[in-house]
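Participant: could you work out the structure for the sequence below:
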Amino acid sequence: MKRILLLLSLAFCSGPVDAIYKRWIPNTNFENASNWHEQRLPCARDNAVFASNKKVSVFVQSLHSLTDLYLPLDGEFILSSSGGFMAASAEDPGCGEGAVINFRDTDNYQWLDPAHWQAAVSTDDLENGILLFSVDAERVPCRYDDVIFSPETSFQVQVQEAGSDIPLSSLSVLGKKFTNQAEFAAYLATSTGRLQFPGKFQPQVTNTRCQDKTGCLCGNEGVMQEICSAVLQKAGNTCPQVSCTDPLKPHGHCCGICGVIISLEYSSEFDLEKYRSRLIHTFQNLAKYSGVKLALSKVQSSPSVKGVDPLSSDPTIQIVLIDEKEGQSAGTDALQMGQDIMADIDDHGQTFGITKADMKFATGTTTSPLTGSISAGGITAIILGIIVGLSVVGAAYFLHRMDRCRFPDLGLLRTTSRLEEPAPEDQTFDNPIYDPSPESGELQRDARKEVSHQTGMQFANPVFDASIDV
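Facilitator: Coordinates of the predicted model:
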């Protein structure tokens, strides 16, 4: 019995790691006002027009009354149980005089555009809007992700030619989940599949899961040029300006950011999803960090030696933190959260299999650029140094107040110029440990006057009193 339990335990521990779910955002639904040039749905007195030369698949969720409907030469309308069209039989008071309403082109939605995807750790989180933030390379589907096109929606996605294949774990369309390429290829051969996935380049369904609990690489390095091209196209073909003077460039991101990058080295005990849960529940869920976005993933670290193949270096875990602040405050909340994470790594890092942590940061201050790096141990050393320094000052002040320690009277220290030396005043005193006889005392005074004249510095010791007879 124990042997069976052990085998079950090992099988459970070595099982596949939970996948990330990526959902396609744009749709070609009839009821989506943004799909019409006039930004409204056609009503009873309108003419709804679909360009004759456009191939389109359109999902219709409800019944629509129209004056005229112009259909494309090659297209389809997917009707729900309550969807359809009817000729207008009466005037619609809210429709006005009627107009020509034109359906937008839908052939410009690119698969490799990060703006077209949402990500979550579960389908429930997708439905509830609990979404993950990611660097640009991981906003589009990675090789082990489950891709979802929402049920009761139509769409058209262009899979542009890329430098490598686009593998996926699974793909769901109209409520049907495809887990192998043969089934998905059969769907692509249908009229609906051809309209939804036009072109000869298609994603590949592999039904493969990440088997490494420390995380797996996304695999989108070969399509970074296409991803960044889509990102920059929306920003005028240039990276947007940021407030920090020396922005950071996370691995897999197209532009610089104000914020924090933490790089982790790890052991085989590290569990990426468990650590993601800790970061979210321990830090990101705090009210003071509600505006901070957190990205966590395994990345291929760049080698420090020039000319070395990047794939030969060991992967690291990358944490990226950015906040919603602007101007000189940009990145300050992210920095505070990063410092809290580093302190937590100092205390509990070994428990999670973290062997080393390094933090880089950049904020939006312009008077004194706050950029640099600090390790987990460095933060502890700084804090301890401040505590020790304050303790020493406090102890010295306490002893001074208790009359156990006196600070020198700096007003009694004098320096004189080499060119003009004033005559020294006689501020000598009798030292009780020396011979108190008049002869020896006179000799000592003469010697002290000679020394004070040569050095130009003298002081009166308030501890002793020459009038005391020892």
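
Participant: could you use CA atoms for every contact and neighbour count after this?
Facilitator: OK.

Participant: helix or strand next in line after the lowest-mean-pLDDT helix or strand in the chain, which one?
Facilitator: In the chain, no helix or strand scores lower on mean pLDDT, DSSP states H and E than helix 2-13, which sits at a mean of 38. The first helix or strand that comes after helix 2-13 along the chain, using DSSP states H and E, is strand 21-24.

Participant: now the helix or strand following that following strand: buried residues?
Facilitator: Following strand 21-24 in sequence order, the next helix or strand is strand 47-49 (DSSP H and E). Under the neighbour-count criterion of 16 or more other Cα atoms under 10 Å, strand 47-49 has 47-49 buried.

Participant: quick one: strands adjacent to strand 47-49?
Facilitator: Counting by DSSP bridges, the strands paired with strand 47-49 are strand 68-70 (parallel), strand 100-102 (parallel).

Participant: immediately after the first one, which helix or strand?
Facilitator: The element immediately downstream of strand 68-70 (helix or strand, assigned by DSSP H and E) is strand 75-79.

Participant: could you list every helix and strand in contact with that following strand?
Facilitator: Contact analysis of strand 75-79 by 3 or more Cα pairs under 8 Å, 6 or more residues apart in numbering; DSSP states H and E lists strand 56-60 as its packing neighbours.

Participant: now the angle from the strand it packs on to strand 75-79?
Facilitator: 20 degrees (axes from the mean of the first three to the mean of the last three Cα atoms, to 10 degrees).

Participant: what is the mean pLDDT for the helix or strand following strand 56-60?
Facilitator: Under the assignment DSSP H and E, the closest C-terminal helix or strand after strand 56-60 is strand 63-66. Strand 63-66 shows a mean pLDDT of 94.

Participant: got the contact list for strand 63-66?
Facilitator: For strand 63-66, contacts defined as Cα atoms under 8 Å, 6 or more residues apart in numbering pick out 42-48, 82-88.

Participant: highest neighbour count among those residues?
Facilitator: Most neighbours among those, by other Cα atoms under 10 Å: Pro42, with 28 neighbours.

Participant: pretty sure it contacts Ala48?
Facilitator: Yes. Pro42 lies in contact with Ala48 (Cα atoms under 8 Å); the separation is 6.1 Å.

Participant: overlap in contacts, the two.
Facilitator: Common neighbours of Pro42 and Ala48 (Cα under 8 Å, 6+ apart) are 66, 101.

Participant: nearest residue to Ser229 other than its sequence neighbours?
Facilitator: Distance criterion Cα to Cα, 6 or more residues apart in numbering; nearest residue to Ser229, sequence neighbours excluded, is Asn237 at 7.7 Å.

Participant: and the gap between the one you found and Ile257?
Facilitator: As judged by Cα to Cα, to the nearest Å, Asn237 and Ile257 stand 17 Å apart.

Participant: quick one on the thing from earlier: which of the strands paired with strand 47-49 sits most buried?
Facilitator: strand 100-102 (a mean of 19; mean count of other Cα atoms under 10 Å).

Participant: would you map the helices across the stretch 101-250 of the chain?
Facilitator: Here the stretch 101-250 of the chain has its helices, by DSSP state H, counting those that start in this stretch, at 123-128, 136-139, 181-188, 191-196, 224-233.
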